[in-house]
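J.: Got a predicted model here, sequence first, then my questions.
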Amino acid sequence: MNDASENSKGDDVFTVKNLTMAYGDYVVMRDLNFSIKRGEIFFIMGGSGCGKSTLLRHLIGLIKPSKGEIFFEGRNFTEASEDEKIEMIRKFGVLYQGGALWTSMTLAENVALPLREFTNITAREAEDIVDLKLALVGLNGFGAFYPAEISGGMCKRAGLARAIALDPKVLFFDEPSAGLDPISSHRLDELIVQLRDSMGATVIIVSHELASIFDIADRALFLNTATKTQGAIGAPKELLNSEDRAVRVFLNRGVDPLEKKENKSL
């Protein structure tokens, strides 16, 4: 699909084993078993309320599994000590659904936050890095602007600049296209691919946007609301005719192509 084909053959960055996600007695998803390979763009997909964002929060350590384990780069992330977990989390960059920018801060100040919190570099060095990151996402010259002064798409890109401030090994996106028009959404997809290629990062995206899934995903995992477990996993175009009916219907916008063929033959 893109230049990730070789990278996606690399080592597993995340390995999820027998994961059950629950809030008290309410089970969101059970028995999740999958891996995410180094350098690939990996989508977590499914209908609304299936637990996509909840799974992302488990992967970045915000929620502890009710059952099962998550391994990051071969290390047990679930059972790691707080110091070990902080060390691993510093390799993550996260872009939340709304961009999560501080409205009282300029874009430059927002992007500088992780640099101020996690490094000891000088103010001048931080300023240079901020300028570089803003330029990478197409916001060169916008550092002095406040979030309220720019468009939603630009806010998403500013949030992305902050997410890559520390040169993370893994980039997480929670519904990155939410609230964007089709053109802005496509541009954001192109930017994600460019950053993955230039940084060599692994990209994990929560989304139900089929256009993005087919355009940039190397592989995708389907979460099935009805069975409360995972469905098929693989390259989206290959999953169009998956043996898993729920996956076929989802990727074909509510139509099962196999059933359609059978009806035509009758």
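T.: Arrived safely, thanks for sending.
J.: Please write out the alpha-carbon positions of stretch 174-191 in CSV.
T.: What follows is stretch 174-191 as a C-alpha-only set of coordinates in CSV (Å, rounded to 0.1, in the frame of the first residue of the first chain):
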residue,chain,number,x,y,z
ASP,A,174,-8.2,8.9,18.8
GLU,A,175,-10.7,9.6,16.0
PRO,A,176,-8.3,12.1,14.2
SER,A,177,-10.8,12.9,11.5
ALA,A,178,-13.7,13.7,13.8
GLY,A,179,-15.2,17.1,13.0
LEU,A,180,-13.1,17.6,9.9
ASP,A,181,-14.4,18.0,6.3
PRO,A,182,-13.3,15.4,3.7
ILE,A,183,-10.5,17.5,2.3
SER,A,184,-9.0,18.3,5.7
SER,A,185,-9.4,14.7,6.7
HIS,A,186,-7.5,13.5,3.6
ARG,A,187,-4.7,16.0,4.2
LEU,A,188,-4.4,14.8,7.8
ASP,A,189,-4.2,11.2,6.5
GLU,A,190,-1.4,12.2,4.2
LEU,A,191,0.4,14.0,7.0
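J.: Now it: buried residues?
T.: Within stretch 174-191, the residues scored as buried using 16 or more other Cβ atoms under 10 Å are 174-178, 180, 184-189, 191. Placement of C-beta: from N, CA and C, glycine included.
J.: So which of those residues belong to strands?
T.: Among these, the members falling in strands (DSSP state E) are D174.
J.: and I213, what does it touch?
T.: By Cβ atoms under 8 Å, 6 or more residues apart in numbering, the contact list for I213 reads F43, M45, S207, A220, P236, L251.
J.: name the element it belongs to?
T.: Element membership for I213 (DSSP states H and E) is helix 210-216.
J.: Please apply the same query to E84.
T.: Secondary structure (DSSP H and E) places E84 in helix 82-89.
J.: How about residues contacting that helix?
T.: Helix 82-89 is contacted from outside by I60, G61, F72, E73, R75, F77, A80, using Cβ under 8 Å, 6+ apart.
J.: Tell me how many other residues surround the last one.
T.: Counted with other Cβ atoms under 10 Å, residues neighbouring A80 total 18.
J.: Walk me through the domains of the chain.
T.: Segmentation of the chain into domains, based on automatic domain parsing, reads 4-91+168-265, 98-164.
J.: Could you report the pLDDT at the residue nearest the centre of the chain?
T.: The centroid of the chain falls nearest to I205 when counting by Cα atoms, centre = their mean (2.4 Å). Looking at I205, its pLDDT stands at 97.
J.: ok, it touching F173?
T.: Yes - I205 is within contact range of F173, at 4.4 Å (criterion: Cβ atoms under 8 Å).
J.: who touches both of the two?
T.: Residues within reach of I205 and of F173 at once, by Cβ under 8 Å, 6+ apart, are I192.
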